[in-house]
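Peer 1: what's the 3D shape of this:
(chains A and B)
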Amino acid sequence: MSVAERRLERIGLTIVGDDNKIPSGGGNCKYKIHDDLLFITGLEPYGEDGKPAFVGRLGREYTLEEGYQAARLVGINMLTIIKDALGDLDRVDYFIKVMALVNTANGFSDLPEVANGFTDVMTEVFGERGMHARTDLGATNLNNNVPIICDAIIKIKQ
Amino acid sequence: MGIAEQKLAAMGINIDHVDRTGKGVLSFRRYKDLVFISGHGPWDMEGKPLMQGTVGVELTPEQAFEAGRLAAIRMLATIKDAVGDLDNIDYFVKGLCIFNSGGSFYDMPACANGFSNVFTQAFGQRGQHARAAMGCGTHSRNVPFMVDMVIKLKS
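Peer 2: All right, here's what the predicted structure looks like:
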């Protein structure tokens, strides 16, 4: 706390910074750019109406192939966010890192095969530049009970 | 088709499409002086699991500690592949340790030390890193532990 703020506290005043004007729940944005890095929030397989197009777990409601298609939809949704962030998909230099969270039940463990749906979209669109380091994990619960969520760190062309 | 490809096609040369389906994951990706390492488990060089099971169900915390050590050893092979010489590493930045967990196993940090100790023993203070440790429901091929890492290279 700065000297001025300590004095304010002593006289019983508090100051409200700009950040406090953001309502509760407004702290999460779809992406953030730092220098030549683009950080993308974890995205769900939502449809054009913004609602989850897949609801359920791998190993219970969904098969590997259905999970793969859900992962592809996450990839397609991420392309929309990247275009929104950069204006043009050609400004993507290369993908760095992805984390794939797969909602699983009954010991389903083919996580890479599901998450490849996301990765295949990126290599189809960007070729080698779409390849990335990736961490897959089997979650026991995800938001809206969607089968997969992926985030990403992307290098932007300068 | 672009102009160059049209000319090549007229010459009777057709460029094959490189198919990366299912092959898009790299074991590491470099960005400036940082190396991002993919999730690594206790695998051998062929990717065969050296340990399988859920910590707290089939496996004990001691075995989870050992799984961390085995994942560190496999990751070091990837790091050496990435940087050529391990001495090119400046320091380790951040690791995410994920245990396939069940029952009443909650002691992730102690077990993740099986992973982290390898780095401090080999690199000293430079091997220290910020770390998050968590439990999850399943891992690929039912390995008990996965970890990814961000590494800083000497400039």
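
Peer 1: Any idea how many residues pack against whichever residue of chain B sits closest to chain A?
Peer 2: Among the residues of chain B, B:Thr138 lies closest to chain A, at 3.1 Å counting by C-beta to the nearest C-beta. Every C-beta, even on glycine, is put in place using the N, C-alpha and C of the backbone. Residues contacting B:Thr138 under the criterion other C-beta atoms under 10 Å in any protein chain shown number 25.

Peer 1: Any idea what it is bridged to?
Peer 2: A:Gly138 (DSSP bridges).

Peer 1: Now do the same contact list for it.
Peer 2: A:Val102, A:Thr104, A:Gly107, A:Phe108, A:Ser109, A:Leu111, A:Gly138, B:Asn100 (C-beta atoms under 8 Å, 6 or more residues apart in numbering or on different chains).

Peer 1: which residues does the third one contact?
Peer 2: What that stands for is A:Gly107. A:Gly59, B:Thr138, B:Asn142.

Peer 1: Same list, those residues, but as JSON lines with distance to B:Met51 and pLDDT please.
Peer 2: Listed next are the contacts of A:Gly107 as JSON lines, based on distance: C-beta to C-beta, whole Å; pLDDT from 0 to 100:
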{"residue": "A:Gly59", "distance to B:Met51": "21", "pLDDT": "97"}
{"residue": "B:Thr138", "distance to B:Met51": "15", "pLDDT": "96"}
{"residue": "B:Asn142", "distance to B:Met51": "9", "pLDDT": "97"}
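
Peer 1: neighbours around the residue nearest to A:Arg57 when sequence neighbours are not counted, how many?
Peer 2: Computed as C-beta to C-beta, 6 or more residues apart in numbering or on different chains, the closest residue to A:Arg57 that is not its neighbour in sequence is A:Ala105, at 4.2 Å. Residues near A:Ala105, counting by other C-beta under 10 Å, number 16.

Peer 1: go on, A:Leu58?
Peer 2: 27.

Peer 1: Show me what it bridges to in the sheet.
Peer 2: Bridge pairing for A:Leu58 - DSSP bridges - gives A:Tyr62, A:Thr104.

Peer 1: show me what contacts it?
Peer 2: By C-beta under 8 Å, 6+ apart, the neighbours of A:Leu58 are A:Leu64, A:Gly67, A:Val102, A:Asn103, A:Thr104, A:Ala105, A:Phe108, A:Asp110, A:Val114, A:Pro147.

Peer 1: related to what we said a few turns ago, so for the contacts of B:Thr138, which is the shakiest by pLDDT?
Peer 2: Least confident of those in the model: A:Gly107, at 92.

Peer 1: Now residue 97: which helix or strand?
Peer 2: Answering for chain A, as no chain was given. strand A:92-103 (DSSP states H and E).

Peer 1: Actually, chain B is the one I wanted.
Peer 2: Going by DSSP H and E, B:Cys97 is part of strand B:89-100.

Peer 1: quick one: A:Leu111 and A:Gly117, what's the gap?
Peer 2: 11 Å (C-beta to C-beta, to the nearest Å).

Peer 1: Residue numbers of chain A in contact with chain B?
Peer 2: Near chain B, the residues belonging to chain A are A:37, A:94-97, A:102, A:104-105, A:107-113, A:116, A:119-120, A:122-124, A:127-128, A:130-140, A:153, A:155 when assessed by C-beta under 8 Å from any C-beta of the partner chain.
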